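> Show me how the following folds:
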Amino acid sequence: MKTFLLSICIAFGLFSENAFAQKDRPRTRSNRKAWDPNAPSGLVPVKPMSRESKSSNSRTFSDESKPSGTGLNLSLGLLGGYSASTPKNAAIESEFSGYHLGAHTLLEISYSWFSLNMGGGYFINAMQGKFAQFENEEGTESTRLDRLTIRTKAGFGAVIAHAALGNFRMGPVVHIPFGTPSIFSPAPVDTNRTAVFAGASFAWIFRTSSILLGVQALADLNIKERLVSFALLDLRYIIPIIVPHTEVTVKTTFKLTEKTEIKKVNQIVERVVTREKVRFAFSNKVINFETGKADLFPQSAALLRKIGSFLSSRPELWASLEIEGHTDNRGTRDYNIALSQARALSVLEEMAKAGTPNARMQARGYGFDKPVDPGNTPAAWEKNRRVEIAFVGVKNSQELKAFFDSLEKGTSN
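Numbers count the residues shown, from 1 in each chain. Prediction:
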């Protein structure tokens with residue numbers, strides 16, 4: 001019998017693990033209550049996910065509902081399964097086995113991951129086996145085992161404590177029959193004793209409905225003459241009474257489709273990315289350094305001070321920027337990374353002198369990892385030696401573009 005109960009528990013645990021591995025979420029209408037496995041009471045209003053998309057700028061709005069507070073549910077259920085009785089004295093009675101059927105009503109109080117079910121019901125139990133019959137009144141001679149059926153009908157109280165893990169529920173269960181002597185004896189007894197049954201409950205809650213399907217394995221704690229045990233299926237329909245309020249967190253994700261326009265005037269290459277990001281690239285003839293060093297030539301320093309002064313006067317136009325240093329592919333990678341990093345820092349320091357906020361700038365050297373022209377010619381080397389300023393959070397790209405257009409005119413004169 002113990003092996004049978006253990007097999008039932010293991011089989012249901014494997015089924016629950018496989019089902020729980022599925023990550024699909026319920027899709028429900030906004031005007032109905034749907035089953036949420038993470039809710040304390042199981043049932044909370046679930047809002048649908050709304051999406052708004054455009055061709056050049058798609059926005060995704062996601063509502064995450066988090067239940068909070070105490071929930072109250074009423075469940076109506078049926079129980080049914082196998083029952084067995086193993087005697088302590090095999091000479092008097094044999095093993096009995098049969099069926100156990102019942103119905104119960106439970107009130108569930110839940111908070112966070114824990115729930116407590118309390119209620120009662122009515123059951124019918126029938127088990128068949130053999131019991132000793134004695135020919136003399138003293139019960140000492142000519143024993144024989146006759147087949148008979150033990151029938152028990154009684155009410156019972158039930159308490160189930162569940163811990164929740166997603167849709168899976170597990171915890172202890174207690175059944176206490178009442179109303180008639182319930183020690184499942186094959187012979188008439190003159191006693192008011194009643195059995196107390198305890199065991200484990202495992203259940204799975206289906207996401208898109210209010211159905212709970214579980215198993216219960218119970219054994220008696222206080223019958224001296226025999227060991228009575230049950231292996232039961234538990235099917236319940238859950239009705240919400242008090243639904244915990246939900247805390248809704250709205251997350252907005254912006255997905256920008258980049259459209260790059262490249263315009264080359266003299267030595268300035270401008271890259272304009274729609275909306276949030278704007279990038280400007282300066283060739284080594286515009287922002288020029290001494291060979292193999294990070295020292296700026298005076299004309300280049302003056303140009304950077306103009307840029308820094310403008311950005312400090314219009315801080316509302318942009319949120320942050322990154323100054324990128326790039327080199328050609330001559331020399332080792334480590335050498336070019338260090339050189340481009342030092343040159344990017346020189347540009348940052350020169351712009352900071354003109355008032356650009358240091359906290360909103362960062363400098364980074366990429367060496368020859370991001371070439372504009374992958375060729376290995378003097379013309380390709382000249383294109384790849386450059387400084388780029390990448391802006392993030394630009395509110396008015398046209399004004400920023402107009403300023404750099406004026407710089408282009410100044411450098412061409």
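
> Enumerate the positions of the helix or strand hosting residue 110 that are buried.
Per DSSP states H and E, residue 110 falls inside strand 96-111. Within strand 96-111, the residues scored as buried using 16 or more other C-beta atoms under 10 Å are 96, 97, 98, 100, 102, 104, 106, 108, 109, 110. In short, each C-beta sits where N, CA and C put it, glycine included.

> can you check stretch 280-292 too?
280, 281, 282, 283, 284, 286, 287, 288, 289.

> Figure out the length between the terminal residues of it.
23 Å (C-alpha to C-alpha, to the nearest Å).

> separation between residue 382 and residue 228?
Remark: distance between residue 382 and residue 228 (C-beta to C-beta, to the nearest Å) = 93 Å.

> okay if I get the buried residues of strand 96-111 as TSV plus pLDDT and distance to residue 202?
What follows is the buried residues of strand 96-111, written out as TSV (pLDDT from 0 to 100; distance: C-beta to C-beta, whole Å):
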residue	pLDDT	distance to residue 202
96	89	26
97	92	22
98	94	23
100	94	17
102	96	18
104	96	17
106	96	16
108	92	16
109	92	20
110	87	17
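
> Dump the residues you listed into a markdown table; add distance to residue 346 as well.
Below are the buried residues of strand 96-111 laid out as a markdown table (distance: C-beta to C-beta, whole Å):
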| residue | distance to residue 346 |
| --- | --- |
| 96 | 93 |
| 97 | 89 |
| 98 | 90 |
| 100 | 85 |
| 102 | 83 |
| 104 | 79 |
| 106 | 74 |
| 108 | 68 |
| 109 | 68 |
| 110 | 63 |
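
> Between those residues, which sits nearest residue 126?
residue 98 (4.7 Å; C-beta to C-beta).

> In which helix or strand does the residue nearest to the closest one when sequence neighbours are not counted reside?
Residue nearest to residue 98 in three dimensions, not counting chain neighbours: residue 127, with 3.6 Å by C-beta to C-beta, 6 or more residues apart in numbering. If you go by DSSP H and E, residue 127 is part of strand 114-133.

> what packs against that strand?
Helices and strands touching strand 114-133, by 3 or more C-beta pairs under 8 Å, 6 or more residues apart in numbering; DSSP states H and E, are strand 70-87, strand 96-111, strand 144-165.

> Quick one: those strands as a markdown table, columns for distance to residue 297 too.
Shown next, in a markdown table, are the helices and strands packed on strand 114-133 (distance: least, C-beta to C-beta, whole Å):
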| stretch | distance to residue 297 |
| --- | --- |
| strand 70-87 | 72 |
| strand 96-111 | 70 |
| strand 144-165 | 66 |
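
> Of all those, which one is nearest residue 241?
Taking the helices and strands packed on strand 114-133 one by one with C-beta to C-beta, strand 70-87 is closest: 4.4 Å.

> Tell me the strands beside the closest one, with direction?
Strand pairing for strand 70-87, determined by DSSP bridges: strand 96-111 (antiparallel), strand 226-242 (antiparallel).

> out of these, nearest to residue 388?
Of the strands paired with strand 70-87, nearest to residue 388 by C-beta to C-beta is strand 96-111, at 55.3 Å.

> can you give me the angle the closest one makes with strand 114-133?
170 degrees (axes from the mean of the first three to the mean of the last three C-alpha atoms, to 10 degrees).

> now the angle from strand 96-111 to strand 144-165?
Using the same axes, to 10 degrees: strand 96-111 against strand 144-165 is 20 degrees.

> And the helices in the chain, which stretches?
2-20, 298-313, 333-353, 378-384, 397-412 (DSSP state H).

> pLDDT and distance to residue 222 for the buried residues of stretch 280-292 - can I get that in CSV?
Shown next, in CSV, are these (pLDDT from 0 to 100; distance: C-beta to C-beta, whole Å):
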residue, pLDDT, distance to residue 222
280, 86, 85
281, 86, 85
282, 85, 89
283, 81, 92
284, 78, 92
286, 83, 93
287, 88, 90
288, 85, 95
289, 84, 91
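
> Keep only those of the residues you listed that are in strands.
Residues of the buried residues of stretch 280-292 located in strands (DSSP state E): 280, 281, 282, 283.

> what are the bridge partners for the last one, then?
Think residue 283. Applying DSSP bridges, one finds that residue 283 bridges with residue 386.

> That one against residue 385, yeah?
Yes. Residue 283 lies in contact with residue 385 (C-beta atoms under 8 Å); the separation is 7.3 Å.

> picking that back up, can you name the two of the buried residues of stretch 280-292 that are farthest apart?
Of all the pairs that these form, the one spanning the most space (C-beta to C-beta) is 280 and 289, at 17.7 Å.

> For stretch 358-377, measure first residue to last.
End to end - C-alpha to C-alpha - stretch 358-377 spans 37 Å.

> let me redo that: stretch 288-303
Start-to-end, stretch 288-303 (C-alpha to C-alpha) is 11 Å.

> Stretch 311-328 now?
End-to-end for stretch 311-328, by C-alpha to C-alpha: 29 Å.

> likewise stretch 317-329?
End-to-end distance (C-alpha to C-alpha), stretch 317-329: 35 Å.

> Check which residues of it are buried.
So for stretch 317-329, counting by 16+ other C-beta under 10 Å, buried means 317, 318, 321, 322, 323, 324, 325, 326, 327, 328, 329.

> Let me know the average pLDDT across that stretch.
The average pLDDT within stretch 317-329 is 92.

> With stretch 125-135 instead?
On average, stretch 125-135 scores 76.

> Restrict the strand holding residue 110 to CA atoms and write it as CSV.
Coordinates of the C-alpha atoms in strand 96-111 are reproduced here as CSV (Å, rounded to 0.1, in the frame of the first residue of the first chain):
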residue,chain,number,x,y,z
PHE,A,96,-9.5,-4.9,3.0
SER,A,97,-9.6,-2.7,-0.1
GLY,A,98,-12.2,-0.8,-2.0
TYR,A,99,-13.3,2.7,-3.0
HIS,A,100,-13.7,6.1,-1.3
LEU,A,101,-16.1,8.7,-2.8
GLY,A,102,-16.9,12.1,-1.4
ALA,A,103,-17.8,15.8,-1.9
HIS,A,104,-16.5,18.8,0.0
THR,A,105,-16.8,22.6,0.2
LEU,A,106,-13.7,24.6,1.2
LEU,A,107,-13.1,28.2,2.1
GLU,A,108,-9.7,29.4,1.0
ILE,A,109,-7.8,32.3,2.6
SER,A,110,-4.7,33.2,0.7
TYR,A,111,-1.9,35.7,1.0
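
> That concludes my questions; thank you for your assistance.
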